[in-house]
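Undergrad: this is a predicted model, with the sequence first.
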Amino acid sequence: MSAKAAALASYLAMWRDFAVAGHTSNWRSPSLATHATGDALLVMSRGLYADRYNGLITKGQPVLHPNVIKATPTASPATVLISDCGDSSHWLKYFAKTGKLEDNIPGGRQAITAEAKKQPTGSWKIDRFAVEGVGSC
């Protein structure tokens with residue numbers, strides 16, 4: 001598998017793991033570290049912890065269509081930059097006790113950038129990501 005394909009697969013798997021952990025706001029889910037490291041792992045864990053503290057869970061999954069925008073170095077990439085326009089319309093927060101939506105703000109299309117890094121083991125993990133506001137793409 002090419003570096004670009006491996007990085008994209010890791011990106012998609014990271015969001016899948018995050019969505020599954022969000023169903024119970026399990027900030028300690030060991031699957032989070034399977035495809036994320038560094039700031040990305042910290043952001044996800046902290047977000048899930050805050051949701052648990054506030055009695056929230058997340059239902060559904062984001063819809064993603066990532067693209068590689070840069071791989072460096074070119075010959076044998078160790079870092080891959082990813083761009084996406086994710087759709088969170090069907091990935092919303094609910095109160096765990098009542099099942100009611102947290103708010104009346106619908107999700108939507110959001111610009112996402114991520115950086116995947118090749119690990120010493122040869123696997124790829126997302127090291128950091130940024131999600132812009134709804135309507136940013």
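TA: That came through, no problem. Quick caveat, the model's predicted, so the values are computed rather than measured.
Undergrad: from now on I want contacts and neighbour counts done on CA atoms only, so please keep to that.
TA: Will do.
Undergrad: which of the residues in the helix ranked longest in the chain are buried?
TA: Longest among the helix segments of the chain by residue count, using DSSP state H, is helix 3-22. By neighbour count with 16 or more other C-alpha atoms under 10 Å, helix 3-22 contains the buried residues 3-4, 6-8, 10-22.
Undergrad: likewise for stretch 126-137?
TA: Applying 16+ other C-alpha under 10 Å to stretch 126-137 flags 126-129, 134 as buried.
Undergrad: of those, closest to residue 95?
TA: Relative to residue 95, the closest of these is residue 134; by C-alpha to C-alpha it sits at 21.1 Å.
Undergrad: and the closest one, how close does it get to residue 102?
TA: Distance of residue 134 to residue 102, given as C-alpha to C-alpha, to the nearest Å: 16 Å.
Undergrad: with residue 27 instead?
TA: Residue 27 is 19 Å from residue 102, by C-alpha to C-alpha.
Undergrad: looking at these two, which has the bigger crowd around it?
TA: Taking neighbours as other C-alpha atoms under 10 Å, residue 27 and residue 102 compare with residue 27 leading, 21 against 16.
Undergrad: pLDDT at the more buried one, what is it?
TA: Here, the pLDDT recorded for residue 27 equals 97.
Undergrad: that one contacts residue 46, correct?
TA: Yes. Checked against C-alpha atoms under 8 Å, the pair residue 27 and residue 46 is within contact range at 7.0 Å.
Undergrad: for the helix or strand containing residue 69, give me every contacting residue.
TA: In this assignment (DSSP states H and E), residue 69 forms part of strand 67-72. Residues from elsewhere that reach strand 67-72 (C-alpha atoms under 8 Å, 6 or more residues apart in numbering): 4, 8, 77-84.
Undergrad: mind putting those into CSV with pLDDT, distance to residue 58 and secondary structure?
TA: As requested, the contacts of strand 67-72 are exported to CSV (pLDDT from 0 to 100; distance: C-alpha to C-alpha, whole Å; DSSP: H, G, I helix; E, B strand; the rest coil):
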residue, pLDDT, distance to residue 58, secondary structure
4, 96, 29, helix
8, 98, 23, helix
77, 96, 34, coil
78, 97, 33, coil
79, 98, 30, strand
80, 98, 28, strand
81, 98, 27, strand
82, 98, 24, strand
83, 98, 23, strand
84, 98, 21, strand
